[in-house]
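S.K.: Compute the structure for the input listed below.
(2 chains)
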Amino acid sequence: SQTIHQWPATLVQPVGSPLSLECTVEGTSNPNLYWYRQAAGRGLQLLFYSVGIGQISSEVPQNLSASRPQDRQFILSSKKLLLSDSGFYLCAWKPNTGNTEAFFGQGTRLTVV
Amino acid sequence: QKEVEQDPGPLSVPEGAIVSLNCTYSNSAFQYFMWYRQYSRKGPELLMYTYSSGNKEDGRFTAQVDKSSKYISLFIRDSQPSDSATYLCAMSDAGGFKTIFGAGTRLFVKA
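M.R.: Numbering: from 1, shown residues only, chains lettered A, B, ... in the order given. The predicted structure follows:
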């Protein structure tokens, strides 16, 4: 069966510090991978998606970036965090074979102080 | 205008009540409609998945899609305190690559 791992679960970082959140998927090959951010009352905002190694598409211009160094690994990064980067970050995957549900990780709650 | 509109609530109901959750959308290309349940500090999990217009029932949950009105609903019968969570509607077009989510409705079911 497929599983998705996302870490860390919580993170408190000072303004201006770097960020690296990691997500890995097990039990499937060539998944579509997604990073979402969830703010209170605003639902899930799609930040980045990837259809393959090294292929990243950005949905929202910001100081965040994403990378996919391996087939089942998706990383969200920032060189310098802003207060507005605080939120709940979710990684998700979908099979690349058609329209099916997205499977979510347990999320990372990031607080920038 | 947002592509998907969902009242964030909160919605508070007594145990045993019928709950109605709704979303409206503007993109007529949406073909697939989903409802996710999210408990506090957890990732969302899929509850219901429907294609195009119509009804789908699964136990105490019924999903309705009215594409002519661009309106979807989730009904929960005999609501339980364990149903207390945030419910997010979601939808995607025929390609299904990107899923757009509503803001989520917080539901509290009181014992």
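
S.K.: Can you name the residue of chain B nearest chain A?
M.R.: In chain B, the residue that lies nearest chain A is B:Gly96 (2.8 Å; Cβ to the nearest Cβ). For every residue, glycine as well, the C-beta is placed using N, CA and C.

S.K.: Is it correct that that residue is in contact with A:Glu101?
M.R.: No: B:Gly96 is beyond contact range of A:Glu101, at 9.9 Å (criterion: Cβ atoms under 8 Å).

S.K.: Quick one: name the residues of chain A near chain B.
M.R.: Chain A comes close to chain B at residues A:6, A:32, A:36, A:41-44, A:46, A:49, A:51, A:90, A:92, A:94, A:98-102, A:104-107, A:109, as judged by Cβ under 8 Å from any Cβ of the partner chain.

S.K.: Of those, which count as buried by neighbour count?
M.R.: Listed as buried from the residues of chain A next to chain B are A:6, A:32, A:36, A:43-44, A:46, A:49, A:90, A:92, A:94, A:99-102, A:104-105, A:107; burial here means 16 or more other Cβ atoms under 10 Å in any protein chain shown.

S.K.: Of these, which belong to strands?
M.R.: Counted as lying in strands by DSSP state E, out of those, are A:6, A:32, A:36, A:43-44, A:46, A:49, A:90, A:92, A:94, A:104.

S.K.: For those, point out the one with the lowest pLDDT.
M.R.: Among those, A:Gly43 has the lowest pLDDT, at 81.

S.K.: which ones are touching that residue?
M.R.: B:4, B:6, B:88, B:101-104 (Cβ atoms under 8 Å, 6 or more residues apart in numbering or on different chains).

S.K.: Filter these to keep only those in contact with chain A.
M.R.: Answer for the contacts of A:Gly43 near chain A (Cβ under 8 Å from any Cβ): B:4, B:6, B:88, B:101-104.
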